[in-house]
Structures are given as structure tokens and as C-alpha cells.
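[1] got a predicted structure here, sequence first:
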Amino acid sequence: MRKIGTFPIVVIVLVAVYSLTKWGIPAFSREVTTLPFPLPVPGTLMLFYMTLTVIALFLMVTFSEEGMQDFLRPIKKLLRGGYGQIARGVVLLAIPLIGAWQMYDLTVPRAQVPASLRIQHPSSNFPVSFEALENPFEHRSDADVDAFIEQAKSGEIVFIEQVQEDIEYWVDEWDPDHVLEFFANDKIDAFLAQLEADEVDHEVARAALHQVDLFEGRALYAMNCRACHGDSVAGDGPMADGFKLRPIDFTDNGTVETIVVGYTFWRVTNGGPGLPTEATPWDSAMPEWKLSLTEEQRWKIILAEYNLAQKTPRIPEGHE
Ligand code: HEC
């Protein structure tokens, strides 16, 4: 059997590595992700793989004198006309032509379609049923307030599990008269004073419960949204600079203040994947929160979000 020369091996490896990264990995990605489109390998990564391949091949070829000779043999043969005059002519003409075409392609001016403006609040697929939704934690029902008063009397308040452990730890550490002292603000203090005197006013209790809801919402916001939307809710979290379409600044007058709260809930629920085509040209990195947060958690976060931004949602038509 004739041995394959070094030159054909180099060509075969280069073509194989290129094909694998260009078409093989994207095809494989469809199998793995089951998405309806392939995930391409980024250009810089392609350059990386190809450079590494070239370096490896260079080492292989230059490792020994024989290897080098073997690699150069077909090239020398071509240049000396060993494969015929025509073959030599074609190759010598093709190399500058390919170079020239690449250069032309790089420098040719292109007319570009002007970028269309992005619609921040598309409504074509916004379900009407969401429009009149109210945040259930904005005005707690009387039954909720009664239950809260009962819990406060017994000192056994049920918090969301995400903060429960920290509050228990704080109670163990400080041994307060009442667990609600954790929140230490005037609304809570007023409620605790009434609790002590056993003269609880419903509205004072409601205001205290609101403080608990806000605290839980802020904690959930810090865990889920802060990385992008930031501590200051101004869309300047540590990850914000990584996105072409920046996370929204909730303190801006043109964002969450101009939409009804049901719309905000819909946006948080369905995220970027739930947006219709008019919300392109850029894809939104906003996650689809219905996959990882319960309705209660989403509503509490929204409560905290508006509170932190010092904004109020738009009032739905026909509501006063
Ligand atoms: C991975 C980054 C990221 C995280 C985490 C994230 N967001 Fe976003 N969010 C974005 C981006 C980017 C936009 C802007 C693009 C868009 O409108 O979809 C956005 C937009 C929004 C909007 C739309 C505001 C408007 O006026 O249209 C709301 C509401 C929102 N986010 C709430 C949240 C909440 C609540 C959380 C946490 C549960 C959260 N986001 C977490 C990236 C993120």
C-alpha cells in the first residue's frame, strides 16, 4: 500500500477541522438542545481552533528533515512542472486571485438598510386577560391581614423560604422580643406597639404586612434580577454591559411607569422568548421567569421593583 504523503495529510486535517467546527458542531448542537436552529461556533473560536491546528501541523511537518522534505515534495514538483504546465498555471493564477477577491470583499462599500427602531412595549401578542390584572400584594385582602395578625400574635410568622433561614438565624443570634423587630421601621414598630397593647388596628397591620411583602420582594429581586437590572434598579447590574440590548432602567420615566402592571407581569413571566417579532432587531436576554419563579414570587418582585424605582404602574383604562 502506498503511504499517504505529508502534504495531503495536512490538507485533509485542515479541511476536516474546519468542517467539524463550521458544520459538525452546529449540527450536533441541534441534537443536544433540540432547538429548531443550530448554534454556530463564534468566529473568534473558529480562528482559535484553526490557529491551533496550523501550529500542530507545523510542528508535525518540521519535526524532522524527512517530514519537511516529504511535505515540500509535491509543492516543488508542481512548481517544476511535474504535474504539467496547465496545473502549474492554474495554481499560480488562483492564489493571487483568491487573495484579490478576499481583499475586494473586505473593502467593497455596502449599502445597508437603516436599522429599524426597536419597539420596547409590543402588544400584538399581549393577552387581553392580563390587562386588568392587579398585583395581589398591593392591597392584601382582609383575610390575609387577619391571618397575619394571628401569626404576629403567636410570634410564628411564615416567611418565604428564601428568607426564612436568615431571619431564623437573626432571631437565634439577637433573641428579640418579637421576630418582626427584624424589619425595624416605623410601620412595623407602630404595629408591634399596638400588638403589645392588644389594640390592633386593621390598617396599621396591613401597612406592616406590606413591609414584609416588600422585604421578600426585594430579597427575590436581589437573587434573580439584580445581576442585570442592578442594585439601583437602573439597569446597571454587573452583567448589564454584557448585553447588546441593555437590561431596562426601571427608574427611567419611559419604562415600567408607562405600562399597566399586568403588562409588567406578562413581560416578567414570558421574558425575551415571549416577545413578538416587532420587538426585534435585537434579541432580549430577559429570562422567561415562569420557568423558575412562582406567580407569588413574580408579583412580590414586581411590587419591590416599582417600590425601589419609586414609580407607579399606569392605571388600566376604565379604572379610577
Ligand atoms: C440576564 C439578564 C436579565 C435578568 C437576570 C433579568 N432581566 Fe429583565 N430585562 C433584561 C433585558 C436585556 C431587558 C430589556 C429587553 C427587553 O425589553 O426584553 C429586560 C427587560 C425587563 C422588563 C421590561 C421593562 C419594560 O419597560 O419593557 C421588565 C419588567 C424586567 N426586565 C423585569 C425583570 C425582573 C423582575 C427580573 C428578575 C425576576 C429580571 N428582569 C431579570 C435582562 C434581564
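    Thanks, I have it. Residues are numbered from 1 along each chain as shown.

[2] okay, and for the chain, where does confidence drop off?
    Where the chain drops to pLDDT under 70, the residues are 1-2, 115-116, 319-320.

[3] what residues does it have near the ligand?
    Residues of the chain lying near the ligand by CB under 6 Å from any ligand atom: 120-121, 224-225, 227-229, 239, 243, 245, 247-248, 255-256, 259, 264, 267-268, 272, 284-287, 289, 301, 305. C-betas here are computed from N, CA, C, even on glycine.

[4] list buried residues within those residues.
    The neighbour-count test (16 or more other CB atoms under 10 Å) marks 224-225, 228-229, 245, 247-248, 255-256, 259, 264, 267-268, 284-287, 289, 301, 305 as buried among the residues of the chain next to the ligand.

[5] filter these down to the ones in helices?
    If you go by DSSP state H, those have 224, 228-229, 264, 267-268, 301, 305 in helices.

[6] now do the helices in the stretch 101-250 of the chain.
    142-154, 161-174, 186-197, 202-224, 226-229 (DSSP state H, counting those that start in this stretch).

[7] what's the shortest one in contact with?
    Outside of helix 226-229, the residues that reach it under the criterion CB atoms under 8 Å, 6 or more residues apart in numbering are 221, 235, 237-240, 243, 247-248, 250, 285-286, 305.

[8] repeat that for 6 Å
    Helix 226-229 is contacted from outside by 235, 237, 239-240, 247, using CB atoms under 6 Å, 6 or more residues apart in numbering.

[9] what's the answer for the first one, then?
    Where contact means CB under 6 Å, 6+ apart, the residues beyond helix 142-154 that reach it are 157, 195, 200, 202, 205-206, 209.

[10] repeat that with 8 Å
    The contact list for helix 142-154 (CB under 8 Å, 6+ apart) reads 140, 157-158, 178, 180, 191, 195, 200, 202, 205-206, 208-209, 212.

[11] can you tell me which of those residues is nearest Gln310?
    Gln310 has its nearest neighbour among these in Val212, at 19.9 Å by CB to CB.

[12] the closest one: neighbouring residues, count only.
    Number of residues near Val212 (other CB atoms under 10 Å) recorded here: 22.

[13] now do the same contact list for the closest residue to it other than its chain neighbours.
    Nearest in space to Val212, with sequence neighbours left out and distances taken as CB to CB, 6 or more residues apart in numbering, is Phe183 at 6.9 Å. Neighbour list for Phe183: 211-212, 215 [criterion: CB under 8 Å, 6+ apart].

[14] kindly recompute the last result at 10 Å.
    For Phe183, the contact set (CB atoms under 10 Å, 6 or more residues apart in numbering) comprises 167, 189, 191-192, 208, 211-212, 214-215.

[15] ok, of the residues you listed, which one's closest to Pro36?
    The closest of the contacts of Phe183 to Pro36 turns out to be Leu214 (CB to CB; 41.2 Å).

[16] nearest residue to the middle of this structure?
    Residue closest to the average C-alpha location in the chain (CA atoms, centre = their mean): Ala285, at 3.8 Å.

[17] just checking, that one touches Ile248?
    No. In this structure, Ala285 is not within contact of Ile248 by CB atoms under 10 Å, at 11.0 Å.

[18] show me the one of the helices of the stretch 101-250 of the chain that comes nearest Glu295.
    helix 202-224 (12.4 Å).

[19] related to what we said a few turns ago, which pair of the contacts of helix 226-229 spans the longest distance?
    Within the contacts of helix 226-229, Gly235 and Met239 form the most distant pair, 10.7 Å apart (CB to CB).

[20] got any residues that touch both of these two?
    Common contacts of Gly235 and Met239, defined by CB under 10 Å, 6+ apart, comprise 228-229, 247.

[21] which of the residues in stretch 196-212 are buried?
    By 16+ other CB under 10 Å, the buried positions in stretch 196-212 come out as 200, 204-212.

[22] to clarify, my last question referred to stretch 72-90.
    74, 78, 88.
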